[in-house]
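Chemist: quick check, what structure comes out for this input:
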Amino acid sequence: MKLDQLVGERFKEKPSDCVIDSHALMIRGGYMKDMAKGLYSQYTPLKRICRKIETILREEMDGIGGQEVQFPVVLPASLWNESGRYESVGSELLRFTDRNGSKMLLGMTHEEAAVHLVRDYAKSYNNYPFMIYQIQTKFRDEARPRAGLIRVREFTMKDAYSFHTSQEDLERFYQVCYEAYNRIFARAGIPEVITVSSDSGMMGGNLAHEYMLLTPVGEDSIAICESCDYRANMEAAECIIENERDEKDEPLTKVHTPDIHTIEDICDFLHSALTKSCKAVVYQKNRTDDYVVVFIRGDLDVNETKLTNYLGEQIHPAVITSECGLNAGYIGPVGLTVAGDYTVVYDKSLCGTNNLSCGANEDEYHYTGLCMERDVPGAEYVDIAKITDGAICPKCGKKHISISRGIEVGNIFQLGTKYTKTMNMQYLDADGSSQYPIMGCYGIGIGRLAAAVCEAHHDEYGPVWPISIAPWQVHLCCLRADDTEAKACADKIYDELNRQHIEVIYDDRNVRPGVMFSDADLLGVPIRLVVSPRNMKESVVELSTRDKSVQEKIAVTDVIPAVEKLICHLKEQCGK
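Modeler: Sure, this is the predicted structure:
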């Protein structure tokens, strides 16, 4: 293809609304254009990249026995009512009513559709195991889409669903898919991706892993132990606390604390450490607006995912009204009364503690000397705190946890029978008894993976695409296209590259070299050929790679063999 025919513009200035490099470069380089918050149209370069990612995905999924299918984007609400998710999933699920009055939704994930597709087919144990997958558009009505393709509302995803007759068989295939995912990311050019234990979220299930690309601009926080192989998303990481108890219990004493509301202010006022305080964090359940009062040590934060899982319901920060009986800024666990139904949750960080400060449930008063065992008898403690830097590793027990940032580029879940039971999918086993199949789920976002590769491999001038997913393999530049000899040579090379089925973008515009090379950098094609009048005097062509690892002059007659050899070498670096 010739560059002067390529739809889309490339420009130098960084867009003001781009917070990460990959977003800015893909806008500047003519890869995509935003239509609305979290919605993007793709120009040809990005479409070609995504198509190559899809090819890798299909090859790897087919290679482990997957069968490609396709589900509708629009799904009937009745299907999600079967699983119970139509009501339980929050506002990120886009619901609407069609012209016939039927309740519908835009699919953000397709577990229900997968069960619907195969439950009439897979009624005998002889039909198992099997895996189906699709590459399909999905829609998630994100409240805060950001970072270009990293977090969008509409996206294309490869999602796969496996069905098994035993947990052992699911675990066997789970490992097969785990290894296939490692190959996928290596072939896409980011073998440095790591796996972390994760929360299964709205998918449900017993075990889940996320594939993370570690980067400071990532939106996920990951707990990593420096002494062992423990890695977990902060949402799933257990927070282990060593509580130190004072030898002597102080008496519970009410202290006047005028115009003090925050935990930091009260600790300053009392000249005590945050670790010797008990703070209250209040939420409400989405479905009923009932209050949830969480008590946790003052130096820690609530992990809302853990709290949601414990409650079994979605929550939101509370709006504390005068009628609810809560004294905002002065809430404590002693003598707490709340109007109406409410839930009180105590974090493990308070277990066995004494001599803490806390709210007295009275305006402008706090307690000192709180002893949980004495003053809050019968309290049950659960882990709902966020793990922190320097925390105790849940696996090896050393205080070597560090918190890193990462982009989630894939996930795998052991779903168990969550969907097959609720949707009444059964099969007859060898003894003629009815059983529920066990499911696994495996997802990779196409656009997010492309953006993650760009984030991992770029310089200040543009992306450095791996050849496995680059929009083209070769970028041919003809400097001084008005020079007859140079133009004829470049045209001949372009024709020969096409005859050899080598993907080439050809720039023969009459523009300054700086403009030409700037556009080439933004397109990030791995191999660059430069034909110029100066090179014609030596009958050579400049051959280089986008990452600058190769820079040499090749005789005109040897250009095609040299390019073919370099392509093979670059493919080997990507694992295929």
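Chemist: the closest residue to Gln167 other than its chain neighbours - how many residues pack around it?
Modeler: Closest residue in space to Gln167, ignoring its immediate chain neighbours: Ile438 at 6.1 Å, by C-beta to C-beta, 6 or more residues apart in numbering. In this view, the C-beta of every residue, glycine as well, is placed from N, C-alpha and C. Ile438: 25 surrounding residues under other C-beta atoms under 10 Å.
Chemist: output the below-cut-off pLDDT ranges for the stretch 251-400 of the chain.
Modeler: For the stretch 251-400 of the chain, applying pLDDT under 70 flags the ranges 338-340.
Chemist: ok, now with 50
Modeler: Under the criterion pLDDT under 50, no range of the stretch 251-400 of the chain is flagged.
Chemist: one more: the stretch 101-250 of the chain?
Modeler: Looking at the stretch 101-250 of the chain by pLDDT under 50, you get 200, 202-205.
Chemist: which stretches of it form helices?
Modeler: Assigned by DSSP state H, counting those that start in this stretch, the stretch 101-250 of the chain shows helices spanning 111-118, 167-187.
Chemist: give me the distance from the last one to the chain's centre.
Modeler: If I follow you right, that is helix 167-187. 18 Å (C-alpha atoms, centre = their mean, to the nearest Å).
Chemist: deepest-packed of the helices of the stretch 101-250 of the chain, please.
Modeler: helix 111-118 (a mean of 22; mean count of other C-beta atoms under 10 Å).
Chemist: give me the residues contacting that one.
Modeler: Residues from elsewhere that reach helix 111-118 (C-beta atoms under 8 Å, 6 or more residues apart in numbering): 69, 71-72, 75, 79-80, 82-83, 85, 107, 130, 132, 161, 163, 203, 415, 419-420, 423, 425, 439, 441.
Chemist: before we move on, the earlier item: Thr165 is in contact with the residue nearest to Gln167, correct?
Modeler: Yes. Using C-beta atoms under 8 Å, Ile438 is in contact with Thr165, at 7.2 Å.
Chemist: sorry, back to before: buried ones only from the contacts of helix 111-118, please, as a PyMOL command.
Modeler: Burial among these is assessed by 16 or more other C-beta atoms under 10 Å; the matching PyMOL selection reads:
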select buried, resi 69+71+75+79+80+82+83+85+107+130+132+161+163+203+415+419+420+423+425+439+441
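Chemist: the residue most central in space within the chain: which element?
Modeler: Geometric centre of the chain, nearest residue: Glu408, 2.9 Å, by C-alpha atoms, centre = their mean. Element membership for Glu408, per DSSP states H and E: strand 401-416.
Chemist: now that strand: buried residues?
Modeler: Buried residues in strand 401-416, counted by 16+ other C-beta under 10 Å: 401, 403-404, 406-416.
Chemist: now whatever helix or strand comes next after that strand, how far from the chain's geometric center?
Modeler: Using DSSP H and E, the next helix or strand after strand 401-416 towards the C-terminus is helix 418-422. Offset of helix 418-422 from its chain centre (C-alpha atoms, centre = their mean): 25 Å.
Chemist: pLDDT of helix 418-422, averaged?
Modeler: The average pLDDT for helix 418-422 rounds to 95.
Chemist: name the residues that touch that helix?
Modeler: By C-beta under 8 Å, 6+ apart, helix 418-422 touches 82-84, 111-112, 114-115, 119, 163, 204-205, 425-426, 436-439.
Chemist: among these, name the ones in strands.
Modeler: Members of the contacts of helix 418-422 lying in strands (criterion: DSSP state E): Phe163, Ile438, Met439.
Chemist: with distance to His569 added, can I get these in TSV?
Modeler: Formatted as TSV, these follow (distance: C-beta to C-beta, whole Å):
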residue	distance to His569
Phe163	41
Ile438	44
Met439	42
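Chemist: closest to Asn498 among the residues you listed?
Modeler: For those, the residue nearest Asn498 by C-beta to C-beta is Phe163; the value is 45.1 Å.
Chemist: wait, that closest one touches Cys441, no?
Modeler: No. With contact defined as C-beta under 8 Å, Phe163 does not reach Cys441; the gap is 10.7 Å.
Chemist: so what's the residue count around Gly90?
Modeler: Counted by other C-beta under 10 Å, the residues lying close to Gly90 total 12.
Chemist: so it touches Arg287, yeah?
Modeler: No. The pair Gly90 / Arg287 is not scored as a contact, 10.0 Å apart, by C-beta under 8 Å.
Chemist: can you pull the residues that touch both of these two?
Modeler: By the contact definition C-beta under 8 Å, 6+ apart, Gly90 and Arg287 are jointly contacted by Gln314.
Chemist: in the stretch 451-576 of the chain, which spans are strands?
Modeler: 458-459, 462-463, 474-478, 504-507, 527-531, 540-545, 551-555 (DSSP state E, counting those that start in this stretch).
Chemist: in three-state terms, label Arg51 for me.
Modeler: helix (DSSP: H, G, I helix; E, B strand; the rest coil).
Chemist: ok, Ser272 next?
Modeler: coil.
Chemist: how close does it sit to Ser16?
Modeler: Taking C-beta to C-beta, to the nearest Å as the measure, Ser272 falls 45 Å from Ser16.
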